[in-house]
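> sequence? don't have it. structure:
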């Protein structure tokens, strides 16, 4: 028995590259078990309230909560909370995502600068020194 959805998805990803009938059967079984586990979690959470522990925002059924989950959205309370975490100003994961986006922008800016510098060097036929590997493995020019 697989104990969690994460374990089932991991097993599934390992078999996904093979196109053998026995693996196809195993994949079908794992996908069915994933669906069963996700439904079980959803059933356990139905009628319950879930709070963001960082800001206190409350999710749950009915109009008595800060954000109720209408049935028309086909969304579990856990899915709504996961979406909240991505935007919660007090949640560490939200802060990490913003920080990561800043680093990505910085990398794009450095890459753009390096591409422009290389184009200038190549356009002007400037020879630049090739890096040399030192005994300790570091590079020097």
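Sure, I can see it. In this text, all values refer to a predicted model and were calculated from it rather than measured experimentally. Numbers count the residues shown, from 1 in each chain.
> quick one: contacts of stretch 119-127?
Stretch 119-127 is contacted from outside by residue 128, using CB atoms under 8 Å, 6 or more residues apart in numbering. Glycine gets a C-beta too; all of them are placed from N, C-alpha and C.
> kindly check the end-to-end length of that stretch for me.
12 Å (CA to CA, to the nearest Å).
> now it: mean pLDDT?
For stretch 119-127, the mean per-residue pLDDT is 83.
> what comes up buried for the strand or helix carrying residue 120?
Secondary structure assigned from DSSP states H and E places residue 120 in helix 92-123. Neighbour counts over helix 92-123 (16 or more other CB atoms under 10 Å) mark residue 94 as buried.
> now do the helix or strand just after that helix: which elements does it pack against?
Per DSSP H and E, helix 92-123 leads on to strand 132-133 as the next helix or strand towards the C-terminus. Applying 3 or more CB pairs under 8 Å, 6 or more residues apart in numbering; DSSP states H and E, one finds that strand 132-133 makes contact with strand 139-140.
> so which elements touch the strand it packs on?
Counting contacts by 3+ CB pairs under 8 Å, 6+ apart, strand 139-140 packs against strand 132-133.
> what average pLDDT does the strand it packs on get?
Mean predicted confidence for strand 132-133 is 84.
> adjacent strands (with direction) for that strand?
Applying DSSP bridges to the sheet, strand 132-133 is found paired with strand 139-140 (antiparallel).
> neighbouring contacts of the strand it pairs with?
If you take CB under 8 Å, 6+ apart as the criterion, strand 139-140 is touched by 131, 132, 133, 134.
> burial of the third one, as a residue count?
When you say that, I think you mean residue 133. Counted by other CB atoms under 10 Å, the residues lying close to residue 133 total 9.
> any idea what it is bridged to?
Beta-bridge partners, per DSSP bridges, of residue 133: residue 139.
> what about it, distance to residue 139?
To residue 139, residue 133 is 6 Å away according to CB to CB, to the nearest Å.
> with residue 106 instead?
For residue 106, the distance to residue 139 - CB to CB - is 22 Å.
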